[in-house]
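Engineer: Requesting a structural model of the entry that follows:
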Amino acid sequence: MNESNESPVYGENGELVKVGSDLKHIAFIMDGNGRWAKMRGKRRDYGHTEGAKAFERIVEYCGKIGIRVMTVYAFSTENWKRPKEEVDKIMLLLEKYLDKLLAKVSQYDIKVKFIGDKIPLSEKLKKKIALAEKETKNKGRLLNIALNYGSRAEITEAVNKLIKRGIGRVTEKDISDALYTAGEPDPDLIIRTAGEQRLSNFLMWQAAYSEFYFTDVLWPDMTDKDVEKAINNYYKRTRRYGGLA
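Structural biologist: Residues are numbered from 1 along each chain as shown. Okay, here's the model as predicted:
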């Protein structure tokens, strides 16, 4: 089992109150919005609307139990292949989240950071992103929103940065320091919803020693209890990092 300087804390009813100190970073592949809507005879954009509600719910819960870093896969570099109407809906939901965050910025202890290539985004969204990052830069918890993100593109960009700097022999640390997530702890736990069991070009460098948890729950249905179940599963594992227990 995981050994920690600080073990998880549970309440009288067995509910998770606080995570242990070895669980700093959880990443989520938020999958299943479209399928959730289809099962209910709704349009895909309805699934994204409900998925946005789940996102806010899970962000709040992770903060409540002491997760210091959270990363969510909001939109991949491949998602541009989807219908324009669906893409526009996803971007609009992000804008609404940023508006809500900025309106109550003093109430949230969240530092928002967008990782990915911002160039193709609308000017309106880019301005809101820049403002949200500026207004929350001194907050405590970190929320990475992977938008127009692809891990291969991230690693390629990092290598090109190092080439421009004239670094002759590249180390693992050089690459880590050139990624969007430079200076952050790698994800301890990656949770993917909707039953799929793959990374889909998400945090491939950072996930070298992450623990994975796959659930059939569709993202709009994701609850605090589902996250708690994943965390409890995490604490039953032994992380060897290539060595012996």
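Engineer: which SS state does the residue in the chain sticking out farthest from the centre fall under?
Structural biologist: Ranking residues of the chain by C-alpha distance from their mean position (CA atoms, centre = their mean) puts residue 168 at the top, at 32.8 Å. Secondary structure for residue 168, judged by DSSP: H, G, I helix; E, B strand; the rest coil, is coil.
Engineer: Now it, what are its backbone angles?
Structural biologist: Here is the backbone geometry of residue 168 (degrees, to the nearest 10): phi -80, psi -40.
Engineer: State the distance from it to residue 182.
Structural biologist: Using CB to CB, to the nearest Å, residue 168 is found at 20 Å from residue 182. Heads up, the C-betas are built off the backbone N, CA and C, glycines and all.
Engineer: got it, and residue 242?
Structural biologist: For residue 242, the distance to residue 182 equals 23 Å [CB to CB].
Engineer: And residue 217, by the same measure?
Structural biologist: 32 Å.
Engineer: Neighbour count for the two, which is higher?
Structural biologist: More crowded of residue 217 and residue 182, by other CB atoms under 10 Å: residue 217, with 21 against 10.
Engineer: who are the neighbours in contact with the more buried one?
Structural biologist: Listed by CB atoms under 8 Å, 6 or more residues apart in numbering, the contact set of residue 217 reads 32, 193, 194, 226.
Engineer: Name the nearest residue to the third one, ignoring sequence neighbours.
Structural biologist: Which is residue 194. Closest residue to residue 194 apart from its sequence neighbours, by CB to CB, 6 or more residues apart in numbering: residue 32 at 3.1 Å.
Engineer: right, and the one you found touches residue 215 too?
Structural biologist: No - the criterion here is CB atoms under 8 Å, and residue 32 misses it with residue 215 at 9.7 Å.
Engineer: so what sits against both of these two?
Structural biologist: Residues touching both residue 32 and residue 215 (CB under 8 Å, 6+ apart) are 193, 195.
Engineer: Between those two, which has more neighbouring residues?
Structural biologist: Each of residue 32 and residue 215 has its neighbours counted (other CB under 10 Å); residue 32 has more, 25 against 20.
Engineer: List phi and psi for the more buried one.
Structural biologist: Dihedral pair for residue 32: phi 110, psi 10, per degrees, to the nearest 10.
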